[in-house]
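Novice: Everything below, folded, please.
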Amino acid sequence: MKRFYKETAVGPADEGFRILLDGKPMRTPAKSILVVPTAPLAEAIAAEWSGVSAEGEINAAHLPLTRLAATGLDRVATRRDEVIGDTSKYAGSDLLCYRATTPDSLVRLQHATWQPLLDWAAERYGARFVVTEGIGFVDQPEEAKARVEEAVSAHSDAALSALYNLTHTSGSVVIALAVAEGRLTAEDAFAAAQVEELYQIGRWGDDPHAKKQRDGVRKDIESCARFLTLLGNGKLKG
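Specialist: Residues are numbered from 1 along each chain as shown. Below you'll find the predicted structure:
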């Protein structure tokens, strides 16, 4: 679909702000009016649409903030409990809990990068995880999983859209929550999620296919982190 509008703008709505295309409110794929809780997020979404060239095609891949906002309205709002469950279940198999046994340099790197995040989760949420070496499954304490679910469910529908994507992209609900809380930047979250991959690149070099996949992960994390930042006080319920 090619660009069909001339102007983008932001206007007030009952529960936040609308994005306007030639004065008409933008709608989600499910035909709901796209309303977001903060003006900075609305302005950033409007900027995404303004950035489409006059003769250019509208590519959803270039509209990450729009997609996250629409997902929050169309999918999270109608399946909130399911999204909370699909996000918080990562507490049972979080990436940060599975450490390499060799070489020593990778073991040290994982500990230095991941352990402070697990310590933060224990202090912030009371979620104390069990760490293991190797890939054998380890049961996590029920209390830790419950505390993570409470932390996830405290987020608004819009924030859950980004939190869900962050968790699935990084393989860690702890990393996702740390980004949402401002404990990690997007760059640091990417580095934490890709510890082993970046370590192997440092030793053996890169290849185009792996780089393309890694760039996709980086963009997803950056988009979700920016979305959560723009939500500001709209991240949490109520």
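
Novice: What are the structural domain limits within this structure?
Specialist: With automatic domain parsing as the criterion, the domains of the chain are listed as 8-57, 80-235.

Novice: any chance of the ones you listed in a markdown table, plus mean pLDDT and mean neighbour count?
Specialist: Where you see a C-beta, it was placed from the backbone N, CA and C, and this is true even at glycine. Listed next are the domains of the chain as a markdown table, based on pLDDT from 0 to 100; neighbours: other C-beta atoms under 10 Å:
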| stretch | mean pLDDT | mean neighbour count |
| --- | --- | --- |
| domain 8-57 | 93 | 16 |
| domain 80-235 | 96 | 18 |
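
Novice: wait, which of the ones you listed is closest to Leu73?
Specialist: Among the domains of the chain, domain 8-57 comes nearest to Leu73, with 5.2 Å by C-beta to C-beta.

Novice: What is the end-to-end distance of the closest one?
Specialist: Criterion C-alpha to C-alpha, to the nearest Å; first-to-last residue distance in domain 8-57 is 16 Å.

Novice: From Glu57, how far out is the residue nearest the centre of the chain?
Specialist: For the chain, the residue nearest the mean C-alpha position is Leu166 (2.8 Å; C-alpha atoms, centre = their mean). With distances taken as C-beta to C-beta, to the nearest Å, Leu166 is found 28 Å from Glu57.

Novice: and the strand or helix carrying the residue nearest to the centre of the chain, what other elements does it pack with?
Specialist: With elements delineated by DSSP states H and E, Leu166 resides in helix 157-170, which encompasses its position. With contacts defined as 3 or more C-beta pairs under 8 Å, 6 or more residues apart in numbering; DSSP states H and E, helix 157-170 has these neighbours: helix 64-71, helix 80-88, helix 173-180, helix 186-193, helix 208-231.

Novice: mind putting these in CSV, distance to Gly23 included?
Specialist: Formatted as CSV, the entries for those read as follows, by distance: least, C-beta to C-beta, whole Å:
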stretch, distance to Gly23
helix 64-71, 18
helix 80-88, 32
helix 173-180, 34
helix 186-193, 34
helix 208-231, 23
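
Novice: Between the ones you listed, which one is closest to His111.
Specialist: For the helices and strands packed on helix 157-170, distance to His111 was read as C-beta to C-beta. The smallest value, 12.2 Å, belongs to helix 186-193.

Novice: how distant is that closest one from the center of its chain?
Specialist: In terms of C-alpha atoms, centre = their mean, to the nearest Å, the centre of helix 186-193 is found 11 Å from the chain centre.

Novice: Restricting to C-alpha, output it in CSV.
Specialist: Output of helix 186-193 as CSV, limited to C-alpha atoms (Å, rounded to 0.1, in the frame of the first residue of the first chain):
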residue,chain,number,x,y,z
ALA,A,186,18.7,-1.2,24.7
GLU,A,187,22.4,-1.6,24.0
ASP,A,188,23.2,-3.3,27.3
ALA,A,189,20.1,-5.5,26.9
PHE,A,190,21.3,-6.6,23.4
ALA,A,191,24.7,-7.4,24.8
ALA,A,192,23.2,-9.4,27.7
ALA,A,193,21.0,-11.4,25.4
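
Novice: Which secondary structure elements does it sit against?
Specialist: For helix 186-193, the helices and strands in contact under the criterion 3+ C-beta pairs under 8 Å, 6+ apart are helix 104-125, helix 157-170, helix 173-180, helix 208-231.
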